[in-house]
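A.B. asks: Any chance you can model this:
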Amino acid sequence: MVLQAPDLAHAQEAAEAALEERRSDESRWSLGVLRPLTPMAPGTHRYRAVFALWEAGEDRFVRRDVHHLDVWAADAQSARRLAQQEIRGVEGYEPAWRIRQVARLDPPRARGAAGGRRA
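C.D. replies: As a prediction, this is how the structure comes out:
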């Protein structure tokens, strides 16, 4: 389902309403991760998921970073789920790749850092 909303909160409300319309006594609908179709959508942030592969060495396993993927999401958990879905379409993807890290690339602004007045 594609929804258009001015920000994440309104998109969540519209998705919940659409889910409720489809609900019946026998249905088992659930709301998954909302995927922003527009980069920099209000309420979302850019996250980088780093994928790694464990390779066998002579006496130990060694982790090697193999790919990073940037996604727009509401939070790190959503970013992880979106990255896990999107990585399958990357050329050279191997099912053994695992997410090592998910980090927000646009850190939250400190209070007052946006040029606002202080009391």
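A.B. asks: Could you use CA atoms for every contact and neighbour count after this?
C.D. replies: Noted.
A.B. asks: need the contact list for Y47.
C.D. replies: By C-alpha atoms under 8 Å, 6 or more residues apart in numbering, Y47 lies in contact with D70, V71, W72, A73, A76, A79, V102, A103, R104, L105, D106.
A.B. asks: one more time with 7 Å
C.D. replies: Applying C-alpha atoms under 7 Å, 6 or more residues apart in numbering to Y47 gives the contacts D70, V71, W72, A79, V102, A103, R104, L105.
A.B. asks: Give me the subset of the residues you listed that lies in strands.
C.D. replies: D70, V71, W72, V102, A103, R104 (DSSP state E).
A.B. asks: Tell me the one among those residues nearest to A9.
C.D. replies: Distance to A9 across those (C-alpha to C-alpha) is lowest for W72, with 15.2 Å.
A.B. asks: Apart from its neighbours in sequence, what residue is nearest that closest one?
C.D. replies: R46 (4.5 Å; C-alpha to C-alpha, 6 or more residues apart in numbering).
A.B. asks: try G43
C.D. replies: The shortest distance from G43 to any non-neighbouring residue, by C-alpha to C-alpha, 6+ apart, is to L8 (4.9 Å).
A.B. asks: re the thing from before, the residue nearest to W72 - that's part of a helix, no?
C.D. replies: No. Applying DSSP: H, G, I helix; E, B strand; the rest coil, one finds R46 to be strand, outside a helix.
A.B. asks: mind checking pLDDT for it?
C.D. replies: pLDDT for R46: 94.
A.B. asks: cool, and P36?
C.D. replies: pLDDT, P36: 82.
A.B. asks: what's the answer for G89, then?
C.D. replies: So G89 comes in at 93 (pLDDT).
A.B. asks: Buried ones in the helix or strand bottoming out on mean pLDDT in the chain, by neighbour count?
C.D. replies: Every helix and strand of the chain was ranked by mean pLDDT, DSSP states H and E. The lowest is helix 8-22, at a mean of 86. Residues L8, A11, Q12, A15 are the ones in helix 8-22 that count as buried (16 or more other C-alpha atoms under 10 Å).
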